[in-house]
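Colleague: Whatever this is, show me its structure:
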Amino acid sequence: YFQNEQATSEAMDRDGWLRTGDICVIDDHGLVYIVGRIKELIKYKAYQ
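Modeller: Numbering: from 1, shown residues only. Predicted coordinates for the structure are as follows:
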């Protein structure tokens, strides 16, 4: 997150992956497919 080190460190894992809340699969060719969400919640401004 821009100019927010704490939020950035909380969103990244030890290997440098960004935790987006998406469930992904990587195939044999290295392609990444988004197959679902961990939590079905979208925050937009003050709305959920």
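Colleague: Let me see the contact set for the nearest residue to G21 once chain neighbours are set aside.
Modeller: In space, and not counting its chain neighbours, G21 is closest to I38: 4.8 Å by C-beta to C-beta, 6 or more residues apart in numbering. Heads up, the C-betas are built off the backbone N, CA and C, glycines and all. Applying C-beta atoms under 8 Å, 6 or more residues apart in numbering to I38 gives the contacts 21-23.
Colleague: any idea of the pLDDT on I38?
Modeller: Looking at I38, its pLDDT is 84.
Colleague: Next, work out how far apart it and M12 are.
Modeller: As judged by C-beta to C-beta, to the nearest Å, I38 and M12 stand 16 Å apart.
Colleague: so what pLDDT did Y1 get?
Modeller: Confidence at Y1, expressed as pLDDT, is 86.
Colleague: shouldn't it be in contact with T8?
Modeller: Yes: in this structure, Y1 is within contact of T8 by C-beta atoms under 8 Å, at 5.0 Å.
Colleague: Common neighbours of the two, please.
Modeller: Common contacts of Y1 and T8 (C-beta under 8 Å, 6+ apart): none found.
Colleague: right, and Y33 touches V25 too?
Modeller: Yes: the pair Y33 / V25 is scored as a contact, 4.9 Å apart, by C-beta under 8 Å.
Colleague: Over to the residue most central in space within the chain. Which of the three states is it?
Modeller: By C-alpha atoms, centre = their mean, the chain has its centre lying nearest to T20, at 1.0 Å. Of the three states, T20 takes coil under DSSP: H, G, I helix; E, B strand; the rest coil.
Colleague: go on, R14?
Modeller: R14 ends up coil, using three-state DSSP.
Colleague: what about it, neighbour count?
Modeller: The burial count assigned to R14 is 5, neighbours taken as other C-beta atoms under 10 Å.
Colleague: Hmm, A7 is touching Y1, no?
Modeller: Yes: look at A7 against Y1 with C-beta under 8 Å: they come within range, at 4.1 Å.
Colleague: what ranges of the chain fall below the confidence cut-off?
Modeller: For the chain, applying pLDDT under 70 flags the ranges 40-44, 46-48.
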